[in-house]
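S.K.: Below is the structure, and that's it, no one-letter string:
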């Protein structure tokens, strides 16, 4: 994992220099700040392979641990690239004018790097271990009875009056660190005694320190970077979590840190509609069926039942059990006889699969928020995540998602209620329902709306006659009455000067 992170950071860094931007300002800012955004996808698949249900404490602990390790290794690599290729130019500027894109006051990288706030430092400030919990507190607030009354479900048990949030049980975190990553409290003690150069060579010890002493790890990474000749890192930010919708399909895995949208679903794309089954679930189901010696028609019956329940095995479990029992008996010579395979053993296995393979609307809103909050704790930039809720979800469920997200330190979150749009990209299950296409009201398009592409120079009378020009462009009038039109950050035409 650590080697892959280093390789990806190298690649993203090269993209900054090789990429051709449509606007020279974009090119300048990218090379000035050198922000990169390495993230993950396939979390739901990874959890399934580890036998960790998405809606479990251990799954949230795994998400946090993966992002903590990614953050640590990515910054370590950034310091190494800073030594080899040079630091981001932004570290040499104390005050920058973003309008003119000029540095107004120079500074030394050793000074400005102290102003950098990587997620490691954020984690050290907002997270603490308390009474067997990992608690995060981002806001100094006092929640009144009305606000607390809006919070429902598991979130109501996690959010405290002072705005702190009990994100994760400490015992679950320790189990995941030990069983998945080989990290224990002894690993932390070893890390505390390591020199920066030795620590940088051990991802396992960096992870231990990232979880328990993140600020100390950042200081160690700075010392390591300077020991190899870097004055500052190569980048000003290193990680994020993108939606990865299309590339996850190409890679054959799940998107971002999302749970399974559905185990059986209909995907609408430009070329038509595709009926899909989650690969990990299909493989697990096929393995179970073969293990008990059941025929393939059992698999078809299970998938058909799931497709009629929004792609959820948990919702379809009663119908699945009924279908399996019906297929376990047959008629022979006018007599009802049992098949030569164990239906009850198969049903017990399917129940275990139901626990392991939840879909996006199977569980409490809290676990959507918790996974994103766990990732955000060790992410420099923001995260793409959708909270999918059923059609019949209450207003309080939506309020809970947004309030818990804010208290847990998320920079943004999306809530989507099933069937709230006339057409969806993905439909739960194999059955597409007819949803009303009628708009709430018709809005006539204004003929005045257009893409404005203006000349470099205009007469003052022409500018005065078009009120939009002055609001969208920077104007400079000469003594001869000619107005020079320049694009700025508010212009609709971003490439007029190319």
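M.R.: Looks like it arrived, so ask away. It should be emphasised that the depicted structure is a prediction, and the values quoted were computed from it without experimental measurement. Residues are numbered from 1 along each chain as shown.
S.K.: need the strands for the stretch 51-200 of the chain, in chain order.
M.R.: For the stretch 51-200 of the chain, the strands defined by DSSP state E, counting those that start in this stretch cover 93-97, 102-106, 127-130, 133-136, 165-169.
S.K.: helices or strands up against the fourth one?
M.R.: Under the contact criterion of 3 or more C-beta pairs under 8 Å, 6 or more residues apart in numbering; DSSP states H and E, the helices and strands touching strand 133-136 comprise strand 127-130, strand 165-169, helix 170-179. C-beta: built from backbone N, CA, C; applies to glycine.
S.K.: Residue 380: which of those is closest?
M.R.: Across the helices and strands packed on strand 133-136, residue 380 has its closest neighbour in strand 127-130 (15.5 Å, C-beta to C-beta).
S.K.: Strands along the stretch 351-498 of the chain, start to end?
M.R.: Along the stretch 351-498 of the chain, counting by DSSP E, counting those that start in this stretch, strands occupy 386-389, 414-417, 426-428, 457-459, 473-477, 482-487.
S.K.: partners of the last one, with directions?
M.R.: What it means is strand 482-487. In the sheet, strand 482-487 lines up against strand 457-459 (antiparallel), strand 473-477 (antiparallel) (DSSP bridges).
S.K.: can I get the strands of the stretch 351-498 of the chain in TSV with mean neighbour count, distance to residue 63 and mean pLDDT?
M.R.: Converted to TSV, these look like this (neighbours: other C-beta atoms under 10 Å; distance: least, C-beta to C-beta, whole Å; pLDDT from 0 to 100):
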stretch	mean neighbour count	distance to residue 63	mean pLDDT
strand 386-389	22	15	96
strand 414-417	15	18	95
strand 426-428	23	22	59
strand 457-459	15	55	81
strand 473-477	14	45	79
strand 482-487	17	42	78
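S.K.: Using JSON lines, please lay out the ones you listed together with distance to residue 320.
M.R.: Converted to JSON lines, these look like this (distance: least, C-beta to C-beta, whole Å):
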{"stretch": "strand 386-389", "distance to residue 320": "22"}
{"stretch": "strand 414-417", "distance to residue 320": "26"}
{"stretch": "strand 426-428", "distance to residue 320": "16"}
{"stretch": "strand 457-459", "distance to residue 320": "70"}
{"stretch": "strand 473-477", "distance to residue 320": "62"}
{"stretch": "strand 482-487", "distance to residue 320": "60"}
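S.K.: Any idea which of these gets closest to residue 315?
M.R.: Residue 315 lies closest, by C-beta to C-beta, to one member of the strands of the stretch 351-498 of the chain: strand 426-428, at 9.7 Å.
S.K.: any idea how far residue 25 is from residue 457?
M.R.: Remark: distance between residue 457 and residue 25 (C-beta to C-beta, to the nearest Å) = 21 Å.
S.K.: right, I mislabeled it, should have said residue 352
M.R.: 55 Å.
S.K.: Settle it for me: which of these two has more neighbours?
M.R.: Regarding residue 352 and residue 25, a neighbour count based on other C-beta atoms under 10 Å identifies residue 25 as having more, with 16 against 12.
S.K.: for stretch 317-328, which positions count as buried?
M.R.: Applying a neighbour-count criterion of 16 or more other C-beta atoms under 10 Å, one finds 317, 319-321, 323-324, 327-328 buried in stretch 317-328.
S.K.: Stretch 279-298 now?
M.R.: 280-281, 284-285, 288-289, 292, 294, 298.
S.K.: Other residues contacting it?
M.R.: With C-beta atoms under 8 Å, 6 or more residues apart in numbering as the test, stretch 279-298 has contacts from 45, 48-49, 252, 260, 263, 299, 302, 313, 323-324, 327, 339-343, 345-346, 349-350, 353, 356-357.
S.K.: Of the residues you listed, which qualify as buried by neighbour count?
M.R.: Applying 16+ other C-beta under 10 Å to those flags 45, 48, 260, 263, 299, 302, 313, 323-324, 327, 341-343, 346, 349-350, 353, 356-357 as buried.
S.K.: give me the low-pLDDT residue ranges for the stretch 151-300 of the chain?
M.R.: 266-270, 274 (pLDDT under 70).
S.K.: show me where it has helices.
M.R.: 154-158, 170-179, 185-192, 196-200, 203-212, 214-227, 245-251, 279-292, 296-307 (DSSP state H, counting those that start in this stretch).
S.K.: circling back to that earlier point, right, so the helices and strands packed on strand 133-136: which one is the most enclosed?
M.R.: By mean neighbour count, with neighbours taken as mean count of other C-beta atoms under 10 Å, strand 165-169 ranks first of these at a mean of 22.
S.K.: neighbours of the nearest residue to residue 170 once chain neighbours are set aside, just the number please.
M.R.: Take residue 170 and drop its neighbours on the chain: the residue closest to it by C-beta to C-beta, 6 or more residues apart in numbering is residue 132, 5.0 Å away. By the criterion of other C-beta under 10 Å, residue 132 has 9 neighbours.
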